[in-house]
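Colleague: Provide a 3D model corresponding to the input given below.
(chains A and B)
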There are 2 protein chains.
Amino acid sequence: MCQLLGMNCNIPTDILFSFEGFHRRGGLTDQHADGFGIAFFEGAGCRLFIDDQPSAHSPVAELIRRYPIKSKNVIAHIRKATQGRIALENTHPFHRELWGRYWIFAHNGNLENFAPPQGQYYRPVGDTDSEAAFCLLLEQLRQQFDQLPPLPVLTQAIYALAAQIRQHGVFNFMLSNGDALFTHCSTHLHYLVRQAPFSTAHLIDNDVNIDFAEVTTPNDRVAVIATLPLTDNEAWTAHPKDTVLVFRDGSPLEG
Amino acid sequence: MCQLLGMNCNIPTDILFSFEGFHRRGGLTDQHADGFGIAFFEGAGCRLFIDDQPSAHSPVAELIRRYPIKSKNVIAHIRKATQGRIALENTHPFHRELWGRYWIFAHNGNLENFAPPQGQYYRPVGDTDSEAAFCLLLEQLRQQFDQLPPLPVLTQAIYALAAQIRQHGVFNFMLSNGDALFTHCSTHLHYLVRQAPFSTAHLIDNDVNIDFAEVTTPNDRVAVIATLPLTDNEAWTAHPKDTVLVFRDGSPLEG
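Modeller: So this is what the prediction gives:
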């Protein structure tokens, strides 16, 4: 299986601390060594860094560790291949344009007997179940809506599509258009919201502490979502199963 | 105006030497300081690095200079903004998926009174004439063909669309799907083919020599295409105007 990391904030924030622990799971502290990727939205634009080398040894991951890119929505993925060769076109996150916005998607899990028909608007480039699921999601959304619908309508449409696709297997995913971050949990996802009063956090995968009070303002709010908790002294909430959560401005929306 | 750099090869090759001179035009030896980007195809996969910082000072450009990514098709662009703000979503190259392949596009020039209608399949995310032209190109190709057509058919379709769009102004562009590299010249593009017997090349923008005989095999063939020649001791050919060339396996195709 793979591991997912997402961040959603109310002001552009760097992900250096969380990525510091996360990237070590790609070949050092855990066995997710079949590539990694990370996408950063900056306004409507998006930077996507992917590498089919393990994140613990990738020059691209090394850049990410040193370059404090500030973003309100980040999705990262380290891969343990289940379906699809180890190749750049099979490396998450995947990206497409829908309704004049970029959309980024990463998946943890395994979908079996999943072969959606060829889409009119979106077709996979690689051969993973994950990219096929992403294309099916966007295809169905594009067929249902000609423009971006209001957030509650969009969320329920994503929920209904996720409920169909998860009949094929484990379907933990993260999806963002740079405005909101949608998460769906079949088995394992955890999240926390960091906000004032900030305290010190300690990484599980690396003996590193950070005192967020020193690097934040009282108005900052950051949600971090990950397959497994990244820190051992903060209260992580288990993501409810078979449910879509929507994170916006650094916290999960109600309803 | 902006500057373009493309490379098309018969075996995966790194672009370190050409990029060494090219990236200095983004803020050091020339005034194209409004962002840069470079895309590398690796099989059907594609890495796209973009930054809205000048290429001469960008940490991302620094990574590219040190990481010998091997690719058969590369497109790079340094930007001098004419239309569209300096923002990540306006940074070339642009990318979309068509017929289950990624397509990469970069433009040098300025299109005036160019406002194509909203596409069914492709919509711009940013506000440049360049991304609008790319979306129109793909939209028209998708409307004409449900699958990737044979290369001569595709080339002529691209030529016909370029002839329409260039009525709005200067339209030098590079387009690739990882198999072939299509170039169109309105004003300035130059190219050369490096093949055995290899010799030594000297960069214009930096006092650097490379002896390609030491870093190649006799079967290697590499076409380099650039707005202005990058070396001062090789024979660059001017790209014929109002024409599409197709580069494949390191040389321009006839016809």
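Colleague: need the three-state assignment for residue A:246.
Modeller: strand (DSSP: H, G, I helix; E, B strand; the rest coil).
Colleague: cool, residue A:141 as well?
Modeller: Of the three states, residue A:141 takes helix according to three-state DSSP.
Colleague: before we move on, what SS does the nearest residue to it once chain neighbours are set aside have?
Modeller: The shortest distance from residue A:141 to any residue other than its chain neighbours is 6.1 Å, reached at residue A:157 (CB to CB, 6 or more residues apart in numbering or on different chains). The C-beta positions use only the backbone N, C-alpha and C, and glycine is treated the same way. Following three-state DSSP, the label given to residue A:157 is helix.
Colleague: let me see the confidence value for residue A:157.
Modeller: The per-residue pLDDT reported for residue A:157 equals 98.
Colleague: that one reaches residue A:148, doesn't it?
Modeller: No - with contacts counted by CB atoms under 8 Å, residue A:157 stays clear of residue A:148, the gap being 11.2 Å.
Colleague: show me what residue of the stretch 101-250 of chain A gets nearest to chain B.
Modeller: When CB to the nearest CB is the measure, the stretch 101-250 of chain A has its nearest residue to chain B at residue A:123, with 3.9 Å between them.
Colleague: if I look at the nearest residue to that residue once chain neighbours are set aside, how far off is residue B:43?
Modeller: Counting by CB to CB, 6+ apart, residue B:100 is the residue found nearest to residue A:123 once chain neighbours are left out, at 3.9 Å. Distance of residue B:100 to residue B:43, computed by CB to CB, to the nearest Å: 13 Å.
Colleague: what's the answer for residue A:135, then?
Modeller: Residue A:135 sits 19 Å away from residue B:43 when distances are taken as CB to CB.
Colleague: so those two - more neighbours on which side?
Modeller: Per other CB atoms under 10 Å in any protein chain shown, whichever of residue A:135 and residue B:43 has more neighbours is residue A:135, with 23 against 17.
Colleague: doesn't the more buried one belong to a helix?
Modeller: Yes - looking at residue A:135 with three-state DSSP, it is inside a helix.
Colleague: can you pull the pLDDT of it?
Modeller: Turning to residue A:135, the model gives it a pLDDT of 98.
Colleague: ok, it - contacts?
Modeller: The neighbourhood of residue A:135, defined by CB atoms under 8 Å, 6 or more residues apart in numbering or on different chains, consists of A:96, A:116, A:119, A:122-124.
Colleague: relative to residue B:66, how far out is the nearest residue to it once chain neighbours are set aside?
Modeller: Once flanking residues are discounted, residue A:135 sits nearest to residue A:122: 4.0 Å by CB to CB, 6+ apart. When distances are taken as CB to CB, residue A:122 and residue B:66 turn out to be 35 Å apart.
Colleague: looking at the two, which one has more neighbours?
Modeller: Neighbours around residue A:122 and residue B:66, counted as other CB under 10 Å, are more numerous at residue A:122. The numbers are 24 against 11.
Colleague: if we can go back for a sec, residues near the residue of the stretch 101-250 of chain A closest to chain B, how many?
Modeller: Neighbour count of residue A:123, defined by other CB under 10 Å: 18.
Colleague: wait, it sits on residue B:97?
Modeller: Yes - between residue A:123 and residue B:97 there is a contact under CB under 8 Å: 6.7 Å.
Colleague: and residue A:98, how many neighbours does it have?
Modeller: 18.
Colleague: do the same with residue A:224
Modeller: Neighbours of residue A:224 under the rule other CB under 10 Å: 27.
Colleague: just how off-centre is whatever helix or strand it lives in within its chain?
Modeller: Remark: residue A:224 resides in strand A:221-226, with elements defined by DSSP states H and E. Relative to its chain's centre, strand A:221-226 lies at 11 Å (CA atoms, centre = their mean, to the nearest Å).
Colleague: with just CA atoms, put it into PDB.
Modeller: Written as PDB, here are the backbone C-alpha positions of strand A:221-226 (Å, rounded to 0.1, in the frame of the first residue of the first chain):
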ATOM      1  CA  ARG A 221      -4.900  27.500  10.900                       C
ATOM      2  CA  VAL A 222      -3.500  24.300   9.200                       C
ATOM      3  CA  ALA A 223      -5.200  20.900   8.700                       C
ATOM      4  CA  VAL A 224      -2.800  18.000   8.100                       C
ATOM      5  CA  ILE A 225      -4.300  14.700   6.900                       C
ATOM      6  CA  ALA A 226      -2.100  11.500   6.600                       C
END
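Colleague: ok, residues contacting it?
Modeller: Outside strand A:221-226, the residues within contact range by CB under 8 Å, 6+ apart are A:3-10, A:13, A:18, A:22, A:174, A:181, A:183, A:189-195, A:230, A:239, A:247, A:249-252.
Colleague: do stretch A:228-245 as well
Modeller: Outside stretch A:228-245, the residues that touch it by CB under 8 Å, 6+ apart are A:3, A:5, A:18, A:21-22, A:155, A:158-159, A:162-163, A:166, A:182-192, A:194, A:200-205, A:224-225, A:252-253.
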